[in-house]
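Engineer: quick one, what's the 3D model for this:
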Amino acid sequence: MCDTLVALPSATADGSVIFAKNSDRPADEAQSVQRFSRQSHAPSATVRCTYIEIPQVSSTAAVLLSQPDWMWGAEMGTNEYGLVIGNEAVWTTAQLGPPALLGMDLVRLGLERSRSASNAVDVITQLLKTHGQGGACAENEPSFSYHNSFLLADGKEAWVLETAGQDWVSERVTSGIRNISNGLSIRDTYERCSQNLDGTKIDFAARFSTDPVQLDPTSREACAHRMMNEHLGDITVDIMKTILSNHESGICMHGEFSTTASMISQLSPNGEDKHWMTGAAHPCQMPFHLVAVAL
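Structural biologist: Numbers count the residues shown, from 1 in each chain. Below is the predicted model:
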């Protein structure tokens, strides 16, 4: 599940970029706020992700993560360069692969290895091409597996990256608002795509979605977009908190699947970023704590 939102400078009250995400996961699954400092690594180093081991890079950025306790990856997070990333589960017509990188692994790897949203699109898609995505996405449910979409933002712009197996497209967002939920949303508006799709513009959502691509006006995705649009030009951190706490839309989720953690980031081109996390379930009940990235 999950909902991820971003408001670009033209849509916010103070000209910042505001990113927000609810992480919806099995209700009994704990999620913690974790910090990892900047590190250097030997040329032969590897890193063990949730299911597979891959080559490590020479240096990794300091990151702040909201991390399900049982996995290596993260649902959402930021790094020392003012990049934020959140992922969404999407179900596609592409075949689910064997255990490989989880979408949550790709979130953390993107944050550790990138300095901007555009850079992170390149990093994540190269990892996807090299290692693939797959594996159980819940601790106690081996059949629960999915592909992933991502919303990536920095102090200047945002990107939406959507995948179906090892195919992908990415869309640049430079103004206004954008949000993603649990369905493919990019049609033929993408700027980059996987090599297999290169040369022929396609309707990505129509080709790979398992459900009709017409957006249900009562869906969480439509409701989040509508609530942001009602405050277009005046969006603040508090408005994002209100949206993440909304029950009528189901954005604040209670039940077998629940909102187990939430995050809001306010990004500035001059690097004066602020990040708030709950590290606990239900933003309607839990306070958002201002937290810092560890260098």
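Engineer: alpha carbons only for contacts and neighbour counts from here, please
Structural biologist: OK.
Engineer: is residue 84 bridged to anything, and to what?
Structural biologist: Using DSSP bridges, the beta-bridge partners of residue 84 come out as residue 78, residue 153.
Engineer: that one: how many residues sit nearby?
Structural biologist: Using other C-alpha atoms under 10 Å, residue 84 is surrounded by 32 other residues.
Engineer: measure it to residue 28 for me?
Structural biologist: 26 Å (C-alpha to C-alpha, to the nearest Å).
Engineer: please apply the same query to residue 286.
Structural biologist: 16 Å.
Engineer: can you check residue 294 too?
Structural biologist: When residue 294 is compared with residue 28 (using C-alpha to C-alpha), they lie 28 Å apart.
Engineer: which one of the two has more residues nearby?
Structural biologist: Neighbour comparison, residue 294 and residue 28: the larger count goes to residue 294, with 15 against 11 (by other C-alpha under 10 Å).
Engineer: ok, that one - contacts?
Structural biologist: Residues near residue 294 by C-alpha atoms under 8 Å, 6 or more residues apart in numbering: 35-38, 62-64, 80.
Engineer: do the same with residue 286
Structural biologist: So residue 286 contacts 278, 280 (C-alpha under 8 Å, 6+ apart).
Engineer: mind listing the strands for the stretch 101-250 of the chain?
Structural biologist: Ranges of strands within the stretch 101-250 of the chain are 147-153, 158-164, 167-173, 177-180, 192-193, based on DSSP state E, counting those that start in this stretch.
Engineer: return the most buried member of the ones you listed.
Structural biologist: With neighbours taken as mean count of other C-alpha atoms under 10 Å, the strands of the stretch 101-250 of the chain reach their highest mean count in strand 147-153, at a mean of 29.
Engineer: what's that strand packed up against?
Structural biologist: In terms of contacts (3 or more C-alpha pairs under 8 Å, 6 or more residues apart in numbering; DSSP states H and E), strand 147-153 is packed against strand 3-7, strand 84-90, helix 103-113, helix 117-131, strand 158-164, strand 177-180.
Engineer: give me that answer again for 6 Å
Structural biologist: With contacts taken as 3 or more C-alpha pairs under 6 Å, 6 or more residues apart in numbering; DSSP states H and E, strand 147-153 sits against strand 84-90, strand 158-164.
Engineer: just put those in TSV and tack on mean pLDDT.
Structural biologist: Listed next are those as TSV, based on pLDDT from 0 to 100:
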stretch	mean pLDDT
strand 84-90	97
strand 158-164	98
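Engineer: residue 248 is nearest to which of the ones you listed?
Structural biologist: Smallest distance to residue 248 across the helices and strands packed on strand 147-153 (C-alpha to C-alpha): 20.5 Å, for strand 84-90.
Engineer: convert that closest one to CSV, retaining C-alpha atoms only.
Structural biologist: Listed next in CSV are the C-alpha coordinates belonging to strand 84-90 (Å, rounded to 0.1, in the frame of the first residue of the first chain):
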residue,chain,number,x,y,z
VAL,A,84,14.2,12.1,-0.6
ILE,A,85,12.8,8.9,-2.0
GLY,A,86,9.6,6.8,-1.2
ASN,A,87,8.3,3.8,-3.0
GLU,A,88,4.9,2.2,-3.7
ALA,A,89,3.8,-1.3,-4.4
VAL,A,90,2.4,-1.8,-7.9
